[in-house]
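> attaching a predicted model along with its sequence, questions to come.
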Amino acid sequence: MPRDLRTVLTDDLLERVHARAAAHDRDNTFPHEDLAELAALGYLRAFVPADLGGLGLSLEEVAREQARLAAAAPATALAVNMHLVVTGLAGLLHARGDDSALFVLQDAAAGEIFAFGNSEAGNDLVMFGSRTHAERTPDGGYRFTGTKIFTTLSPVWTRLATFGLDEHDPADPRLVHAVVTREGTATRDDWDTLGMRATQSATTVLDGAYAPAERVYRRLPPGPSADPFIFALFACFEILLAAVYTGIGRRALELGAQATFRRTSFKHHGRSLDQDPDIRWKVADAALVQDGAELALYALARDVDEQTDHGSRWFAQLVGLKVRATEGARVVVDLALRVAGGGEYFTGHELTRLYRDVLAGIYHPSDDESAHATVAASVLGPLRG
């Protein structure tokens, strides 16, 4: 039977967001108006259950909305993504009977904005190790000291989901996952990048940032973990990230196709290039990649919602989706630029901006090396010796 998928983002809103995107990229500014409009629609409460004051959307529904938003403004979508990752993992845990992060959903319902502050320079362990120091306080809370990079939503977040290493007991070190406020943090003015400029993902310095005991939701041993929190985090992060880059590919394909009807061939007596066999081949190549990306994205999101059992291959499926989505989007944008011609090479054209934005996908976890190691282990087993 067909499923009734809910939508939140209106076409009018997406048109306004799209109209502002170029200026925010050019000026390296945060899209405050976009965020305000999204908040007014209740979109920041997408994952909050209805009985807690939210919209109660599924992961598949939010992934579809994020692809639409990214097609309009990739950086706005990526910025909002990080709030949705934190609230999404809390919603996923809640739906499965784990209320350790219920306070996240309650705070989101009250209007708090969550950022995701986990990335650290030089930390190729990503979620399985940390350079940040977590010091336990007498009341059971923690103070965090360290530096986090790529803190998206840096001008506006009010809550930061972060983690650090508690080495008080050397025989039993723990990675502590918690939520802090702005107190004890500082934001560096260092975001001037090639693409995804409007995300304003500046560096955050934690200088004793405090999380009370009730906002500490996990203390896990370093290294890979089968804890439901880790699964929820990976599922939301990788699927919603894939949605953003799938949206970029969707828009690039649309722009490339439109260009073929505008461009004409002098050699072929003024015929539009949509009739040129070589151009049609390139457009078809792009569409093949794009169709596969969208189908895979929504299928895996639906599997999470429906608690499909992928067993030991779940993490391989998730990191594989991220790699295929980000790399596929780069292929689609590249083909669209080739189809659209040299006129798109000038600064200010949308495809040029998409080309810069899509490159950010190579830096998000899981990177190629980590993803390939995960997938290889799922097929061949762990390395011996």
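That came through, no problem.
> residue contacts, S225?
S225 makes contacts with F128, as judged by C-beta atoms under 8 Å, 6 or more residues apart in numbering. To be clear about C-beta, it is placed using only N, CA and C from the backbone, and glycine gets the same treatment.
> chain neighbours aside, what residue packs nearest to T326?
G361 (3.0 Å; C-beta to C-beta, 6 or more residues apart in numbering).
> contacting residues for that neighbour?
By C-beta under 8 Å, 6+ apart, the neighbours of G361 are 241, 245, 325-327, 329-330.
> what's the neighbour count on S130?
Look at S130: counted by other C-beta atoms under 10 Å, it has 25 neighbours.
> do a quick rundown of the helices in the stretch 251-385 of the chain.
Taking DSSP state H, counting those that start in this stretch, the helices of the stretch 251-385 of the chain run over residues 277-305, 314-340, 350-358, 368-380.
> any idea where the helices of the stretch 101-250 of the chain begin and end?
Under DSSP H, counting those that start in this stretch, the stretch 101-250 of the chain gives helices at 102-109, 228-262.
> and the helix or strand of the chain with the lowest mean pLDDT, how far out from the chain middle?
Across the helices and strands of the chain, mean pLDDT, DSSP states H and E gives its lowest value to strand 264-265, namely a mean of 86. Counting by C-alpha atoms, centre = their mean, to the nearest Å, strand 264-265 is centred 39 Å from the centre of its parent chain.
> what is that strand packed up against?
strand 271-272 (3 or more C-beta pairs under 8 Å, 6 or more residues apart in numbering; DSSP states H and E).
> which residues sit against the strand it packs on?
By C-beta under 8 Å, 6+ apart, strand 271-272 touches 260-265.
> go again using 10 Å as the cut-off
259-265, 279 (C-beta atoms under 10 Å, 6 or more residues apart in numbering).
> and if you look at stretch 293-301?
Counting by C-beta under 10 Å, 6+ apart, 5, 58-64, 66-67, 235-236, 238-240, 242-243, 245-247, 249-250, 308, 310, 314, 317-318, 320-321, 324-329, 331-332 sit against stretch 293-301.
> out of those, which are buried?
Buried by 16 or more other C-beta atoms under 10 Å: 58-64, 66-67, 235-236, 238-240, 242-243, 245-247, 249-250, 314, 317-318, 320-321, 324-329, 331-332, out of the contacts of stretch 293-301.
> can you tell me how far the residue nearest to T326 is from R330?
G361 sits 7 Å away from R330, taking C-beta to C-beta, to the nearest Å as the criterion.
> again, but for F346
20 Å.
> out of the two, which sits in the busier spot?
Ranked by neighbour count (other C-beta under 10 Å), F346 and R330 place R330 first, with 20 against 8.
> check contacts around the nearest residue to the more buried one once chain neighbours are set aside.
Leaving out its chain neighbours, the residue that sits closest to R330 by C-beta to C-beta, 6+ apart is V358, at 5.3 Å. By C-beta under 10 Å, 6+ apart, the contact list for V358 reads 74, 195-196, 244-245, 248-249, 252, 326-334.
> pLDDT wise, what is V358 at?
In this prediction, V358 carries a pLDDT score of 98.
> swap in M1?
38.
> same question, E369
In this model, E369 carries a pLDDT of 87.
> distance of the spatially closest residue to it that is not a sequence neighbour from L35?
Nearest residue to E369 in three dimensions, chain neighbours excluded: D124, at 8.0 Å (C-beta to C-beta, 6+ apart). Distance of D124 to L35, given as C-beta to C-beta: 32 Å.
> of those two, which one has the most company?
Using other C-beta under 10 Å as the criterion, D124 and L35 rank with L35 on top: 21 against 11.
> mind giving me the packing neighbours of the one helix or strand the more buried one maps to?
Using DSSP states H and E, L35 sits in helix 32-40. Contact analysis of helix 32-40 by 3 or more C-beta pairs under 10 Å, 6 or more residues apart in numbering; DSSP states H and E lists helix 11-27, helix 59-72, helix 74-95 as its packing neighbours.
> adding distance to I149 and mean pLDDT, write the ones you listed out as CSV.
Below are these laid out as CSV (distance: least, C-beta to C-beta, whole Å; pLDDT from 0 to 100):
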stretch, distance to I149, mean pLDDT
helix 11-27, 21, 98
helix 59-72, 22, 98
helix 74-95, 13, 98
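> tell me which of those sits nearest to E350.
E350 lies closest to helix 11-27 among those, at 7.2 Å (C-beta to C-beta).
> tell me the angle that closest one makes with helix 74-95.
120 degrees (axes from the mean of the first three to the mean of the last three C-alpha atoms, to 10 degrees).
> contacting residues around helix 11-27?
So helix 11-27 is contacted by 9-10, 29-35, 37-38, 40-41, 43, 65, 68-69, 71-77, 195-200, 251, 347-350, 352-353, 356-357 (C-beta under 10 Å, 6+ apart).
> same thing with stretch 252-263?
By C-beta under 10 Å, 6+ apart, stretch 252-263 touches 71, 271-276, 279-280, 282-283, 286-287, 289-291, 329-341, 343-344, 349-351, 354-355, 357-358.
> buried ones in that stretch, by neighbour count?
252-253, 255-257, 259-260, 263.
> now tabulate the helices and strands packed on helix 32-40 in TSV and tack on distance to P173.
Listed next are these as TSV, based on distance: least, C-beta to C-beta, whole Å:
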stretch	distance to P173
helix 11-27	42
helix 59-72	32
helix 74-95	23
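> which of those is buried the deepest?
Of the helices and strands packed on helix 32-40, the one with the most neighbours on average (mean count of other C-beta atoms under 10 Å) is helix 74-95, at a mean of 26.
> tilt between it and helix 228-262?
150 degrees.
> thanks again, I'm all set now.
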